[in-house]
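Trainee: Only the shape, not the letters, is given here:
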């Protein structure tokens, strides 16, 4: 018993995956550290080459003051300056190419890790999370790492290391002049420190507002049909505009608190000659500093601040890395369905629920449910809306794990099976099955990758889809649109059934699979279901009771419990709830038929 209880505990990623944002990012970047190292080396050499014009200027000024009259000397230094600029451009370009190759590989690994994580998480997390919020880590947030990773790593390294080396050279020439050349740095750092007060918190609010705005926009676009149909345009548009205004307001406030200090820093930091020129002149006049040394330090000091300031300007990107990786980490650290990697042995395809309990958050959906479904039998789940019948179907398909108790297939707890094994055993078809934005042919082939076109067509014929597919504009080559939007609800359902038939799993779970079918098409679908489930274990959640009267057993679910389980005739005699549902079904059907006849 304790072993089973342990199985129900949510699985979390190892502690390493729950580390800080930079440690987590390093985990993805480590396999590509060689490329990043090469990028840094190229950038350092490139920034160093960028100092060639400064060195050439100092050398030519010294030569002029020394009375050198040979123009070839000056021409040579001009060539050195030009070569340095060309080398800098080429090296920085190569550094960027190498860092981008490494970065795109890292982004690919992050997205694949998110996709793998999504596959291991309970469906509940996906359904409860707004699509815009879930989309953000996959698309926008991961994409926003491109600039920080591709540029921060090489350029910050080079723009700090090379100026430090130049400062060391200045100290070697004259320590007094070196100190004077750095006099503006404390003022710049002071402005920077003031700017950085609560910077991460402020920038985090900006990112959160942008994320909320993105999720609101996605919700507004996805729900536009409902918004128009029910006249909710004003309220929905207000929610949309409020999100946009909140985002812009935070951006303005954030800019207002940071830009003034940035402006002061940009003005003061490069003004090194304010101290270098008067102090250098005094030292030259009192004979403690040579003119060539004075010129060299003065010229080199002009080149130091540019790279240092370029490194400082990456502050936003560094802060962005932490915020984005924390957001990605929220997904990566979600509880997982606790499943092993190796397939478990099973004995047949009998399904058994033992004292199963399950909750959506704090709301209990199933309470102490026990049910046995024999191999090759058909069991229907019926009950009022919200009673828990679809939850049972989803648990059998391992879209969630049970909260308490156990669910067995072939005598083995499904929590001891990999999700891939359960996927091979169970074909699940719901009323809202998703179709990919590909051709009808490819959507059916998704049930069994590698199936030939002839096998797909044969499957479509067996599932009663062939005629309507042939009537589509491009037949089997017709692209169904996002989520199958180019097809009607009934057509999507029939393609989903064909896909399930192609899978040929020994257990079939139909969760109100004929909900979108009209009476004419329902007969076709029911016939297809009969062929699909012949010799298989079938679990069906039905909204039309007339479709399941021939089931071996009908389980009546009410308020999260199975209140009765027997044949149709027995339930009519022994279960008042089922008898009432059947009477209501017959009455509604007679009313509908009478209306059609009258028309």
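Mentor: Received the coordinates, thanks. Note that the structure is predicted; figures quoted are calculated from it, not measured.

Trainee: what are the ranges of the helices in the stretch 151-300 of the chain?
Mentor: Ranges of helices in the stretch 151-300 of the chain, per DSSP state H, counting those that start in this stretch, are 157-173, 175-181, 184-195, 199-222, 224-229, 233-268, 273-285, 291-312.

Trainee: and the ones you listed as a markdown table, adding mean pLDDT?
Mentor: What follows is those, written out as a markdown table (pLDDT from 0 to 100):
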| stretch | mean pLDDT |
| --- | --- |
| helix 157-173 | 86 |
| helix 175-181 | 86 |
| helix 184-195 | 73 |
| helix 199-222 | 68 |
| helix 224-229 | 57 |
| helix 233-268 | 70 |
| helix 273-285 | 84 |
| helix 291-312 | 82 |
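
Trainee: Go through these and name the closest to residue 43.
Mentor: Evaluated over these, closeness to residue 43 peaks at helix 157-173, with 3.7 Å, by C-beta to C-beta. From N, CA and C alone the C-beta is placed, and that goes for glycine too.

Trainee: list the contacts for the residue nearest the centre of the chain?
Mentor: In the chain, the residue lying closest to the centroid (C-alpha atoms, centre = their mean) is residue 138, at 2.4 Å. Applying C-beta atoms under 8 Å, 6 or more residues apart in numbering, one finds that residue 138 lies in contact with 111, 114, 115.

Trainee: tilt between whatever helix or strand the second one lives in and helix 157-173?
Mentor: Okay, so that is residue 114. Per DSSP states H and E, residue 114 falls inside helix 71-120. Following axes from the mean of the first three to the mean of the last three C-alpha atoms, to 10 degrees, one obtains 140 degrees for the angle between helix 71-120 and helix 157-173.

Trainee: Averaged pLDDT, helix 71-120. What do you get?
Mentor: Helix 71-120 comes out with an average pLDDT of 88.

Trainee: What of stretch 389-401?
Mentor: 87.

Trainee: Residue 326: how many residues sit nearby?
Mentor: Residues within reach of residue 326, counting by other C-beta atoms under 10 Å, total 15.

Trainee: And residue 535, by the same measure?
Mentor: 8.

Trainee: what does residue 587 give?
Mentor: Under the criterion other C-beta under 10 Å, the count of neighbours that residue 587 has is 10.

Trainee: Equivalent analysis for residue 273, please.
Mentor: Here the number of neighbours of residue 273 (other C-beta under 10 Å) works out to 14.

Trainee: so which helix or strand takes in residue 399?
Mentor: Applying DSSP H and E, one finds residue 399 in no helix or strand.

Trainee: Correct me if wrong: it contacts residue 122.
Mentor: Yes. Taking contacts as C-beta atoms under 8 Å, residue 399 lies within contact range of residue 122: 7.3 Å.

Trainee: Have a look at these two and say which one is more surrounded.
Mentor: In this view residue 399 and residue 122 are compared by other C-beta under 10 Å, and residue 399 has more residues nearby, 22 against 18.

Trainee: Tabulate the helices of the stretch 151-300 of the chain in TSV, adding columns for distance to residue 497.
Mentor: Conversion of the helices of the stretch 151-300 of the chain to TSV gives the following (distance: least, C-beta to C-beta, whole Å):
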stretch	distance to residue 497
helix 157-173	58
helix 175-181	78
helix 184-195	61
helix 199-222	26
helix 224-229	25
helix 233-268	35
helix 273-285	79
helix 291-312	60
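
Trainee: quick one: residue 381 is in a helix?
Mentor: No. Read with DSSP: H, G, I helix; E, B strand; the rest coil, residue 381 is strand and lies in no helix.

Trainee: what's around the closest residue to it other than its chain neighbours, how many residues?
Mentor: Nearest residue to residue 381, sequence neighbours excluded (C-beta to C-beta, 6 or more residues apart in numbering): residue 389, at 3.9 Å. Counted with other C-beta under 10 Å, residues neighbouring residue 389 total 28.

Trainee: could you measure residue 389 against residue 170, distance?
Mentor: 79 Å (C-beta to C-beta, to the nearest Å).

Trainee: and what of residue 378?
Mentor: 87 Å.

Trainee: And the helices in the stretch 451-599 of the chain, which stretches?
Mentor: Using DSSP H, counting those that start in this stretch, helices in the stretch 451-599 of the chain cover 453-462, 466-470, 489-503, 519-532, 568-574, 576-598.

Trainee: Which of the ones you listed has the lowest mean pLDDT?
Mentor: Note on the helices of the stretch 451-599 of the chain: lowest mean pLDDT is at helix 519-532, with a mean of 63.

Trainee: Summarise which helices and strands the host helix or strand of residue 368 is packed against.
Mentor: Here residue 368, judged by DSSP H and E, is contained in strand 363-373. Here strand 363-373 touches strand 351-360, helix 389-396, strand 404-409, strand 561-566, going by 3 or more C-beta pairs under 8 Å, 6 or more residues apart in numbering; DSSP states H and E.

Trainee: For it, list every residue counted as buried.
Mentor: Burial within strand 363-373, assessed by neighbour count using 16 or more other C-beta atoms under 10 Å, is assigned to 365, 366, 367, 369, 371, 373.

Trainee: Tabulate those (a markdown table), appending distance to residue 175 and pLDDT.
Mentor: Shown next, in a markdown table, are the buried residues of strand 363-373 (distance: C-beta to C-beta, whole Å; pLDDT from 0 to 100):
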| residue | distance to residue 175 | pLDDT |
| --- | --- | --- |
| 365 | 75 | 86 |
| 366 | 78 | 88 |
| 367 | 80 | 88 |
| 369 | 82 | 88 |
| 371 | 85 | 90 |
| 373 | 86 | 89 |
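
Trainee: out of the residues you listed, who's nearest residue 92?
Mentor: residue 365 (58.9 Å).

Trainee: can I assume that closest one is in contact with residue 392?
Mentor: No. Applying C-beta under 8 Å as the test, residue 365 and residue 392 come out as separate, 9.2 Å apart.

Trainee: still on that earlier bit, identify the residues contacting the strand holding residue 368?
Mentor: 350-359, 379, 388, 391-392, 395, 403, 405, 537, 539, 553, 555, 559-562, 565.

Trainee: What pairs with that strand, parallel or antiparallel?
Mentor: strand 351-360 (antiparallel) (DSSP bridges).

Trainee: what's the angle between the partner strand and strand 404-409?
Mentor: Here the directions of strand 351-360 and strand 404-409 differ by 140 degrees (the same axes, to 10 degrees).

Trainee: Tell me how many other residues crowd the closest residue to residue 466 other than its chain neighbours.
Mentor: Closest residue to residue 466 apart from its sequence neighbours, by C-beta to C-beta, 6+ apart: residue 460 at 4.7 Å. If you count neighbours by other C-beta under 10 Å, residue 460 ends up with 27.

Trainee: now swap in residue 275 and tell me
Mentor: 17.

Trainee: Distance from the helix holding residue 114 to the middle of the chain?
Mentor: 27 Å (C-alpha atoms, centre = their mean, to the nearest Å).
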